[in-house]
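1. output the structure for:
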Amino acid sequence: MDRADVLILGGGLVGSALAVALDAHGLTAIVIDIADPEVILAAEHDGRASAIASAPHRMLDAIGVGARLADAGCPIEAIRVSDGLEPGKLDFATREGEAALGVMYENRRLRRALYEAAQAAPGVDIRMKTRALSVDRGEFGVTATLDSGATVSAPLLVAAEGRNSPTREAAGIKVARWRYDHAALVTTVNHQHDHENTAFEIFYPEGPFAILPLNDDANGHRSAIVWTVKGGAAAGMLKLSERGFLAEMSKKMGGFLGELGAPTPRFSYPLGFHHAARITDHRLALVGDAAHGIHPIAGQGVNVGFRDVAALVEVLVEGKRLGLESGDAQLLARYQRWRALDTFMVALATDGLTRLFGIPGRAPAALRRFGLNAVDRLPPLKNAFMAEARGESGAVPKLLQGEVV
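-> Below you'll find the model as predicted:
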């Protein structure tokens, strides 16, 4: 097709999810992405894994992606937060009969499921290894000229290109941004003892150390590690021998998962914060990292992007029923109002936690442990944190409730 309801630049996790969700509601999409599928779907591509919160997972189930993931994910039944290895913790756990707090997936599995769902969707035209040479957002629609020589058009353009979105920059949308003096080391490791479907977030002054449960493999129990280190230390940590790296990792864990082994290749990612002043422009909407990028301290990055998708789809579907085209200014204003506060509050919370747990010294550590214990004993406050972790806070779009609009 050369014309669709929505033109999406960027076919990553969020862009692909948007295309499939639109198709599930009878709206069409053209997806343009420069990436090579064989590269981004390879096991060794980037080593990352994502915790998909329960509400965004309901969306994936509703649009048919959940079935493609089958048993690829590991349910998160509990989350334990602690300040270092000292006494004092905050535990979140599901009650009997409740759904898991979320599901851990290796990103390559998520990518494959979303890519295959997009390819199979009759209303999605996904064009990989393709670049938009020019994009014109005119009075009556959006037209893009591609490097293939084709010209495609739609009433609405969605930028899902990631944190360095050229479309956002071309629209002149201002962005608040800063770099943390942190880098995230990412790997997967086998361990002697069962993680019991528990995610651990251990805070150290130099940054959080996350242990995220994955399904067992041929080598036994397995978890994904997101290890935040000072920015200048990342290169040295990548050069450590496997034995030395596992020894340092075991110290951070306190040995509670037993002997460690079989780490996958290590990757390092600089960490930063950015937040767009607005997420819409004339015939343009931003989703995912094009709109906001946060510290992985609470594992909410891709979940916030999926919340963007659910809200935008609901706005567009309801607009179509009223006879409005997808690029209508009224619809974009509603999307802006719906998502602006939620994304800002999530960004504020993750940045605040990063700074709070980064304060060194015994007195701040004692206060943090006191706070964790206090929240652990206050059910209303604890339930509010659990709702946020599940993606169920605020005005929840129907897709996040598992309903097609």
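
2. quick one: the helices in the stretch 51-200 of the chain?
-> Counting by DSSP state H, counting those that start in this stretch, the stretch 51-200 of the chain has helices at residues 54-62, 65-69, 107-120, 166-170.

3. let's have these in JSON lines, adding mean pLDDT, mean neighbour count and distance to residue 285.
-> For every residue, glycine as well, the C-beta is placed using N, CA and C. What follows is those, written out as JSON lines (pLDDT from 0 to 100; neighbours: other C-beta atoms under 10 Å; distance: least, C-beta to C-beta, whole Å):
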{"stretch": "helix 54-62", "mean pLDDT": "94", "mean neighbour count": "24", "distance to residue 285": "17"}
{"stretch": "helix 65-69", "mean pLDDT": "94", "mean neighbour count": "18", "distance to residue 285": "21"}
{"stretch": "helix 107-120", "mean pLDDT": "94", "mean neighbour count": "20", "distance to residue 285": "18"}
{"stretch": "helix 166-170", "mean pLDDT": "96", "mean neighbour count": "17", "distance to residue 285": "10"}
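
4. which among those helices is found nearest to residue 269?
-> Evaluated with C-beta to C-beta, the helices of the stretch 51-200 of the chain place helix 107-120 nearest to residue 269, the distance being 12.1 Å.

5. wait, doesn't residue 145 sit right on residue 153?
-> No. Judged on C-beta atoms under 8 Å, residue 145 makes no contact with residue 153 at a distance of 10.2 Å.

6. more neighbours: which of those two?
-> Each of residue 145 and residue 153 has its neighbours counted (other C-beta atoms under 10 Å); residue 153 has more, 17 against 14.

7. which residue is the nearest non-sequential neighbour of that one?
-> residue 143 (4.6 Å; C-beta to C-beta, 6 or more residues apart in numbering).

8. contacts only, for that neighbour.
-> 135-136, 151-153 (C-beta atoms under 8 Å, 6 or more residues apart in numbering).

9. any chance of these in JSON lines, plus pLDDT and distance to residue 207?
-> Shown next, in JSON lines, are those (pLDDT from 0 to 100; distance: C-beta to C-beta, whole Å):
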{"residue": "135", "pLDDT": "97", "distance to residue 207": "38"}
{"residue": "136", "pLDDT": "97", "distance to residue 207": "43"}
{"residue": "151", "pLDDT": "97", "distance to residue 207": "47"}
{"residue": "152", "pLDDT": "98", "distance to residue 207": "43"}
{"residue": "153", "pLDDT": "97", "distance to residue 207": "45"}
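
10. hey, which strand is longest across the chain?
-> strand 175-191 (DSSP state E).

11. buried set for it?
-> Buried residues in strand 175-191, counting neighbours by 16 or more other C-beta atoms under 10 Å, are found at 175, 180, 182-191.

12. and which of those is nearest residue 317?
-> residue 175 (28.9 Å).

13. so what's the closest one scoring on pLDDT?
-> At residue 175 the predicted local distance difference test score is 92.

14. ok, it to residue 234 distance?
-> According to C-beta to C-beta, to the nearest Å, residue 175 and residue 234 sit 24 Å apart.

15. same check, this time on residue 261
-> Remark: distance between residue 261 and residue 234 (C-beta to C-beta) = 23 Å.

16. which one's more surrounded, the two?
-> Comparing residue 261 with residue 234 by other C-beta under 10 Å, the one with more neighbours is residue 234, at 20 against 13.

17. that one against residue 181, yeah?
-> No. Contact between residue 234 and residue 181 fails when scored by C-beta under 8 Å: they sit 10.7 Å apart.

18. so, low pLDDT: which residues of the stretch 151-300 of the chain?
-> Scanning the stretch 151-300 of the chain for pLDDT under 70 picks out 295-300.

19. now residue 207, nearest residue through space, not along the chain?
-> Leaving aside its chain neighbours, residue 207 sits nearest to residue 228 (2.7 Å; criterion: C-beta to C-beta, 6+ apart).

20. that neighbour: neighbouring residues, count only.
-> Residue 228 has 25 neighbouring residues, counting by other C-beta under 10 Å.

21. what do you get for residue 260?
-> Using other C-beta under 10 Å, residue 260 has 19 neighbouring residues.

22. tell me the bridge partners for it.
-> When assigned by DSSP bridges, residue 260 has beta-bridge partners residue 191.

23. dump the residue contacts of it.
-> Per C-beta under 8 Å, 6+ apart, neighbours of residue 260: 189-192, 246, 249-250, 253.

24. mind listing what residue 165 touches?
-> By C-beta under 8 Å, 6+ apart, the contact list for residue 165 reads 10, 159, 286, 289-290.

25. that one and residue 333, how far apart?
-> Going from residue 165 to residue 333 by C-beta to C-beta gives 21 Å.

26. roughly how far does residue 330 sit from residue 209?
-> From residue 330 to residue 209 the distance is 46 Å (C-beta to C-beta).

27. looking at those two, which one has more neighbours?
-> Counting neighbours by other C-beta under 10 Å for residue 330 and for residue 209 shows that residue 209 has the greater number, 21 against 10.
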